[in-house]
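*Asks:* Kindly generate the corresponding structure for this input.
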Amino acid sequence: MILLWSGIGLGLAWLGFAYLGYPALLWLLARLAPRPVAAADVHPSLSVIITVRNGAAALARKLEQTLALPYPGPLELLVASDGSTDATDEIAASFAPRGVRLVRNAQRGGKEAAQACAIAEAKGEILVFTDVTAEIEADSLRWIARPFADPSVGAVSSEDLVAVEGGEGAYVRFEMALRRLESEAATIVGCSGSFFAVRREVASPWPSDLASDFRSALESARRGLRAVSEPCARASFRAVDDPRAEWHRKVRTVRRGIAVLSAYRELLHPRHGRAALALWGHKVARFTSPFALLLVFGASWLAAGASVLAALLFAVQLLLYAFGGLALAFPTARRWFVARIAGFFMLVNASMLVAWGHHLAGRRAVTWEPTRR
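*Replies:* Numbering: from 1, shown residues only. Okay, here's the model as predicted:
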C-alpha cells in the first residue's frame, strides 16, 4: 500500500505541477521578478510567408485579407507552396500584379521545407509566417512587430482565437493565458503556428524536419534571446468538430513537438534559468502527463480493494473517462460541459501516448496534410 500510494501521490503531483503548479509559479515570478518587454512602435521590413499545401479553396480569400492589412513599413507577401497539386499555384500567380510572389517547392517536402524555400527569397528583416486558414485581425502586423524593438526578443507569437466553445476552445484559452504569463516572467517555448514572426538571424538554419513554430522559440532561447506572446496580434480559426480529424492533428503535432524537444534537450539544463523552467513546466510536464494519468489509474485500481479513499479516486476517474468517452462517441453528449472537457482531455493525452510510440520507434512526421477547418 505504501508503494501504491507513493505512485498515486507522484502521479497527482506531476499532473498538479503541469496544470496548476507551473502556472502559479509563473504568476509569482511575473509579480516578484518580472521581465518586461521594451516594445515600441517600430516598423521593420516584413516578409509575410503564407505556407500552403493544396489550399486552393482558401487561398484567394487569405491573400485578399492579407493584402488589406495595414502596415506602415516595407512589406512583401510570399506564398510558399509545398508541391501543391490543385489550383493553389495558379491562384497565387494570379496575384502577382499586386506584388504577391509564388515560391514553389516542386517536390512535396513538408511545411518547413516550403518555408525554407520562401526564406531564401524573402528580403524582410522580420519573417512572418501564417497559415492559409488563419484570419489575421486588422493592425496585427503592426502589433507583432512592436516587441522586436527590444533587442532581447528573437521571436513573437500571436494569440489564437477559437470561434466556438468546447474542449479545443478551453484548451486554447488556457494556452494563451499561460503564454502571457511566460512572456511576463520568462520566455514562451512555442509559437502559434498559424501566425508568428522571427528575426531573420533566428531563421538560419531552418531545418526541414523540425516544427518551425516550436523550434523558433527554442532557437531564440539557445541564442540567449526570448520568445514572447503579443496579445494584440491575433489570428482566428475554426475549431475542429470531428474528433477523428482532431486526433490525427494532435498526434502529428505532438510527434513533431517531441522531436524538437529532443533536438534542443540541452535547454533543459538549469544553467538556462527561466528558459529551462518554461521548457520543463510547459512541454516536458505536458508531454509526459499521460504516463502520470496511467500511474494514478493503475495504482488507485490496485489499492481500491484495501482503501476507501483509493476506491473513491478510482471511481471518480472511471466516471470522468465515461463522460469523455460519451462526448467523443456521440455529438449530442458534447452539450455537457464536463463531457466536452473530459473528452478533449482524453483525446489529447491518448494522442500523446501514440506520439511517444512513433517517436520511440524512430518514425518522424515531416510532410503534412493541413487540417480542413
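*Asks:* Show the secondary-structure elements that the biggest strand by length in the chain is packed against.
*Replies:* When the chain is scanned for its longest strand (criterion: DSSP state E), the result is strand 226-237. Strand 226-237 sits against strand 135-136, helix 140-145, strand 153-162, helix 167-185, helix 212-222, with contacts defined as 3 or more C-beta pairs under 8 Å, 6 or more residues apart in numbering; DSSP states H and E. Bear in mind the C-beta positions are built from the backbone N, C-alpha and C, glycine included.
*Asks:* So in that sheet, which strands flank that strand, and in what orientation?
*Replies:* The strands that strand 226-237 pairs with in its sheet are strand 135-136 (antiparallel), strand 153-162 (parallel) (by DSSP bridges).
*Asks:* Kindly reformat those as JSON lines containing distance to residue 27.
*Replies:* JSON lines is the format used below for the strands paired with strand 226-237 (distance: least, C-beta to C-beta, whole Å):
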{"stretch": "strand 135-136", "distance to residue 27": "29"}
{"stretch": "strand 153-162", "distance to residue 27": "18"}
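*Asks:* out of those, deepest packed?
*Replies:* With neighbours taken as mean count of other C-beta atoms under 10 Å, the strands paired with strand 226-237 reach their highest mean count in strand 153-162, at a mean of 26.
*Asks:* Out of the strands paired with strand 226-237, which gets nearest to residue 337?
*Replies:* The closest of the strands paired with strand 226-237 to residue 337 is strand 153-162. By C-beta to C-beta, the value is 15.5 Å.
*Asks:* Any idea how far that closest one is from the middle of the chain?
*Replies:* Strand 153-162 sits 10 Å away from the centroid of its parent chain (C-alpha atoms, centre = their mean, to the nearest Å).
*Asks:* Repeat that for stretch 3-16.
*Replies:* Counting by C-alpha atoms, centre = their mean, stretch 3-16 is centred 28 Å from the centre of its parent chain.
*Asks:* Make JSON lines from the helices and strands packed on strand 226-237 and add distance to residue 285 to it.
*Replies:* As requested, the helices and strands packed on strand 226-237 are exported to JSON lines (distance: least, C-beta to C-beta, whole Å):
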{"stretch": "strand 135-136", "distance to residue 285": "31"}
{"stretch": "helix 140-145", "distance to residue 285": "28"}
{"stretch": "strand 153-162", "distance to residue 285": "20"}
{"stretch": "helix 167-185", "distance to residue 285": "12"}
{"stretch": "helix 212-222", "distance to residue 285": "15"}
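*Asks:* So which of these is nearest residue 300?
*Replies:* Here helix 167-185 is closest among the helices and strands packed on strand 226-237 (C-beta to C-beta), at 24.0 Å.
*Asks:* Measure how the helix or strand following that closest one sits relative to strand 153-162, angle-wise.
*Replies:* The helix or strand immediately downstream of helix 167-185 is strand 195-199, counting by DSSP states H and E. Here strand 195-199 runs at an angle of 180 degrees relative to strand 153-162 (axes from the mean of the first three to the mean of the last three C-alpha atoms, to 10 degrees).
*Asks:* From the contact counts, what lies against strand 195-199?
*Replies:* Judged by 3+ C-beta pairs under 8 Å, 6+ apart, strand 195-199 is in contact with strand 126-131, helix 140-145, strand 153-162, helix 212-222.
*Asks:* Which elements pack onto the longest helix along the chain?
*Replies:* In the chain, taking DSSP state H as the definition, the longest helix is helix 337-360. Applying 3+ C-beta pairs under 8 Å, 6+ apart, one finds that helix 337-360 contacts helix 167-185, helix 243-263, helix 289-303, helix 308-329.
*Asks:* buried ones in the longest one?
*Replies:* Spelled out, that is helix 308-329. Going by neighbour count (16 or more other C-beta atoms under 10 Å), the buried part of helix 308-329 is 310, 313-314, 320-321, 323-324, 326-328.
*Asks:* Leaving out sequence neighbours, find the closest residue to residue 350.
*Replies:* Spatial nearest neighbour of residue 350, chain neighbours left out: residue 290 (7.2 Å); criterion: C-beta to C-beta, 6 or more residues apart in numbering.
*Asks:* The one you found and residue 110, how far apart?
*Replies:* Distance of residue 290 to residue 110, computed by C-beta to C-beta, to the nearest Å: 26 Å.
*Asks:* so what's the most centrally placed residue in the chain up against?
*Replies:* What sits nearest the mean C-alpha location of the chain, by C-alpha atoms, centre = their mean, is residue 192, with 4.9 Å. Listed by C-beta atoms under 8 Å, 6 or more residues apart in numbering, the contact partners of residue 192 are 157-160, 213, 235.
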